[in-house]
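**Q** build me a model:
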Amino acid sequence: MRPGPRNLITDLAGLRLGNAHDANLRSGVTVLTADRPFTAAVNVMGGAPGTRETDLLAPDRLVQQVDALVLSGGSAFGLDACSGVADGLRAQGRGFAVGDQRVPIVPGAILFDLLNGGAKDWDRNPYSALGRAALAAATDTPALGSAGAGYGALTGRWKGGLGSASAILASGHMVGAVVAVNALGSATVGDGPHFWAAPWEMGDEFGGKGPAPNHDPGHEPPPMKRMGEATTIAIVATDAVLTQAECRRLATAAQDGMARALVPSHTLLDGDLVFAASTGARPLSDPVADSFALGHAAACCLARAIARAVYLADPMPGDRQPAYKTRFTSG
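**A** Have a look, this model is predicted:
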């Protein structure tokens, strides 16, 4: 397994990722879309999720494919980002055909960033416009770190952010991940430079510092944020041909990557969630062996993407937490 050419989820042919943020609001939106509808599913393991249209992603539902997936800040207000994305897709003539109408299928999930110091005193919900802007900005070379849904994110110790990673398997299949990290837990071991995800790092994509030389496995970290301020939301994608049920299994396997990279994770106070997507470009040659490898790769990619999100976050005036790079990567 090796990284894709850009080490981004957009290494998968046909996928594009768009970001939009508002510096005054200190929040933003990230949109994953593709040239054509793609199969998707979801797995939720956090105790406080916020979602839109995720019921559509069950294998027994009428609609089996989506036009976009949305990650947003803003708590429940951020779910309106999906409306803006749907408006933009409808203007492009995209969506599920119902008679002479097109209904874009746009599931989404949100994180809580309402108490991060940004101006939240709006008269009109800003997230619909941010969603449409993120769709319009979709590209195969998106920004990471303090961008999109990760723009105002915080974690248990460091500023959070938006991260991505990819992997090419021996079978030729590709897997990628994108994640907005706003976790109750921490991506690093204590207050040192070592990431929990270090054993899965490829090259020096998040500093190359390796695993922590020692840590207390019995340590019980106290919550560093208040109730309701957390959540890590992610998308993993593959070019393998997968059914909706198989995508759900991929999302489930990817949750292991979240547990490897954030301690603690999946708490009652987090809304941790993973979408999984299949572009269906490459058939499985061995359904059992390939599915096994895809699940492992999805977990590894997500762990790496989480560490990259924190590693790449930029310091900004008014920060309520330090950026990792300010302490450990400035020259």
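
**Q** tell me where the stretch 101-250 of the chain has helices.
**A** Ranges of helices in the stretch 101-250 of the chain, per DSSP state H, counting those that start in this stretch, are 127-136, 244-261.

**Q** any idea which of the ones you listed is most buried?
**A** Among these, helix 127-136 has the highest mean neighbour count (mean count of other C-beta atoms under 10 Å), at a mean of 25. Where C-beta positions appear, they are placed from N, C-alpha and C, glycine not excepted.

**Q** for it, output the C-alpha coordinates as PDB.
**A** The C-alpha coordinates for helix 127-136 follow below in PDB (Å, rounded to 0.1, in the frame of the first residue of the first chain):
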ATOM      1  CA  TYR A 127     -24.600  27.800   5.700                       C
ATOM      2  CA  SER A 128     -26.700  27.500   2.500                       C
ATOM      3  CA  ALA A 129     -24.600  30.000   0.800                       C
ATOM      4  CA  LEU A 130     -21.400  28.400   2.100                       C
ATOM      5  CA  GLY A 131     -22.600  25.000   0.800                       C
ATOM      6  CA  ARG A 132     -23.300  26.400  -2.700                       C
ATOM      7  CA  ALA A 133     -19.900  28.100  -2.700                       C
ATOM      8  CA  ALA A 134     -18.100  25.000  -1.600                       C
ATOM      9  CA  LEU A 135     -19.800  23.100  -4.500                       C
ATOM     10  CA  ALA A 136     -18.700  25.700  -7.000                       C
END
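
**Q** ok, and what's touching that helix?
**A** Here helix 127-136 makes contact (C-beta atoms under 8 Å, 6 or more residues apart in numbering) with 18-22, 27-31, 33, 68, 70, 72, 74, 77-85, 87-89, 148.

**Q** and the buried ones among the residues you listed, selectable in PyMOL?
**A** Provided next is the PyMOL selection string for whichever of those are buried by 16 or more other C-beta atoms under 10 Å:
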select buried, resi 18+19+20+21+22+27+28+29+30+31+33+68+70+72+74+77+78+79+80+81+82+83+84+85+87+88+89+148
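
**Q** now, which of the contacts of helix 127-136 lie within strands?
**A** Within the contacts of helix 127-136, residues falling in strands by DSSP state E are 18-22, 27-31, 33, 68, 70, 72.

**Q** pLDDT at Thr267, what is it?
**A** pLDDT recorded at Thr267 is 85.

**Q** dump the residue contacts of it.
**A** Counting by C-beta under 8 Å, 6+ apart, Thr267 makes contact with 46-47, 184-185, 230.

**Q** can you tell me which of those has the most neighbours?
**A** In terms of neighbour count, Ala230 stands highest of the contacts of Thr267 at 32 neighbours, by other C-beta atoms under 10 Å.
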